[in-house]
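Colleague: can't give you the sequence, but here's the structure:
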C-alpha cells in the first residue's frame, strides 16, 4: 500500500510540473537521451529517449524494489518499456511479455489549448497549477552542469531544466524513491524505431480516463493514470502474504470522500487499486492526508497484531478505533484506524506531517465512516 501511494505521488508530481512548466511542447529541448540512477527502496536504472519536444518518448526501467509492510519484506524485479507517439501509448512488462495500449486522453484538445496562450497566460497557468497543488519554487541547483529550478510539491522535490526532470526525490510513509540523471545528451538524432511498439506482445486496450485536479471528482485506477502498473506475481514475494481485498463497497467509500469538507483541505483523488480503496487530500501545511480502506486480514498476522498494540484504543462515531504517531525514515505521521466490522475492514487515515491528536480525530469523525 505504501508503494501504491508513492507511485501515485510520483506520477502526480511529474504530471503537475510538466503541465506547469511547458506549453504544447512537453520539453523545451527538441530531442535527447537521459540515463537515470534509481536509489532508495527501488534501485536500478531508467533511460529516456525523446523527439519532437517530447511528443515522442521511450522510457525503459530495469530495477529491483524492496518494500516492507507490517514487518514483512517483499522483493520485486521490474523491466518495463513505455512508448508515447502521436497521442498514443504502449506499456510493456518485458518479464511477463504482456502490455497495454491506448490513446492519451485529451491529447488534441490540450495541444490546441496551449497553442492559443500568450507568454503571460502561460506563466499565469503555471502559477495556478503549482498553487493548486501547494507547490513552490524554492531555488536553483546545477545537475550535470545544467542550471535547474527546484520545485517542492506534495512532499517531493524535482529539479527541472527546460521542462526536463534531471533529479527527483520523494519520501512518503517510509518509502523513498530518488531519480538522478547520470548522462544527458541534447538535440541528438533519435531513430524512429525507438518509438515503434514492441512486437510479439499481447497488448490489452485501455479506455481513456484523465484525473481531475483540485476538488474534482477524480476516480480512476492506477493503470489509467500511468499507462499500466505491474501486477505482482507470487514469486515476487519473500515471506509476504498478499493483502486481501477490502470488502468495504467502493461506491460507499467514494460517497463519504466526496461528501467530506474540511477547512484548508483540497481533494486530489479517490480511486481503487489492487482490491483497496484510496483517497488523497492536500492540507494547509503543504502536507498530505491519505485515507485507505484495507482488509482486516493484514492485522490478523503476528506482525499486524503487534502494529495494533502500539496504537491507543479509542471510539469514533460509535466504532472501535485506534490512534497513534509514527516516525519512519525521519518522516513524522499521525494515524487513525476505524474498524468496519460489517465489512471485515479498517479505514486508515494517515496525516503527513503529523497533526495534533485532537485534529486528526476531528477529521476522522467528520469523514462519517
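Modeller: Okay, I see it. For clarity, every value in this text was computed on a predicted model and none was experimentally measured.
Colleague: can we go C-alpha only for contacts and neighbour counts from here?
Modeller: Noted.
Colleague: name the strands paired with the helix or strand hosting residue 149 and say parallel or antiparallel.
Modeller: Residue 149 belongs to strand 146-153 when assigned by DSSP states H and E. For strand 146-153, the paired strands and their directions (DSSP bridges) read strand 136-143 (antiparallel), strand 156-161 (antiparallel).
Colleague: as a markdown table, those with distance to residue 296 and mean neighbour count would be great.
Modeller: Below are the strands paired with strand 146-153 laid out as a markdown table (distance: least, Cα to Cα, whole Å; neighbours: other Cα atoms under 10 Å):
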| stretch | distance to residue 296 | mean neighbour count |
| --- | --- | --- |
| strand 136-143 | 39 | 14 |
| strand 156-161 | 30 | 23 |
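Colleague: which positions within the strand holding residue 149 qualify as buried?
Modeller: Of all the residues in strand 146-153, those buried under the rule 16 or more other Cα atoms under 10 Å are 148, 149, 150, 151, 152, 153.
Colleague: now do it, average pLDDT.
Modeller: Here strand 146-153 scores 87 as its mean pLDDT.
Colleague: go on, stretch 101-113?
Modeller: 60.
Colleague: go ahead and confirm residue 335 touches residue 349.
Modeller: Yes: assessed by Cα atoms under 8 Å, residue 335 is found in contact with residue 349 at 5.5 Å.
Colleague: domain-wise, how is this structure divided?
Modeller: 2-207, 243-366 (automatic domain parsing).
Colleague: worst average pLDDT in those?
Modeller: Lowest mean pLDDT of these: domain 2-207, a mean of 78.
Colleague: mind checking how far the closest residue to residue 176 other than its chain neighbours is from residue 351?
Modeller: Excluding the flanking residues, the one nearest residue 176 by Cα to Cα, 6 or more residues apart in numbering is residue 40, at 4.9 Å. Shown here: residue 40 relative to residue 351, a distance of 22 Å by Cα to Cα, to the nearest Å.
Colleague: residue 42 now?
Modeller: Residue 42 sits 24 Å away from residue 351, taking Cα to Cα as the criterion.
Colleague: residue contacts, residue 251?
Modeller: Applying Cα atoms under 8 Å, 6 or more residues apart in numbering to residue 251 gives no contacts.
Colleague: what kind of secondary structure is it in?
Modeller: helix (DSSP: H, G, I helix; E, B strand; the rest coil).
Colleague: ok, now which ones touch the residue nearest to residue 202 when sequence neighbours are not counted?
Modeller: The shortest distance from residue 202 to any non-neighbouring residue, by Cα to Cα, 6+ apart, is to residue 98 (5.2 Å). Applying Cα under 8 Å, 6+ apart to residue 98 gives the contacts 92, 201, 202, 203.
Colleague: contacting residues around residue 165?
Modeller: For residue 165, the contacting residues are 158, 159, by Cα under 8 Å, 6+ apart.
Colleague: what angle sits between the one helix or strand it maps to and strand 156-161?
Modeller: Per DSSP H and E, residue 165 falls inside strand 164-172. Orientation note: strand 164-172 sits at an angle of 170 degrees relative to strand 156-161 (axes from the mean of the first three to the mean of the last three Cα atoms, to 10 degrees).
Colleague: direction included, what does the next helix or strand along the chain from strand 164-172 pair against?
Modeller: Going down the chain from strand 164-172, the next helix or strand is strand 175-186, by DSSP H and E. Strand 175-186 sits in its sheet next to strand 32-40 (antiparallel), strand 164-172 (antiparallel), going by DSSP bridges.
Colleague: common neighbours of residue 335 and residue 349, please.
Modeller: Common neighbours of residue 335 and residue 349 (criterion: Cα under 8 Å, 6+ apart): none identified.
Colleague: give the bridge partners for the closest residue to residue 171 other than its chain neighbours, please.
Modeller: Distances taken as Cα to Cα, 6+ apart place residue 177 nearest to residue 171, at 6.4 Å, with adjacent residues excluded. Here residue 177 sits in beta bridges with residue 40, residue 170, as judged by DSSP bridges.
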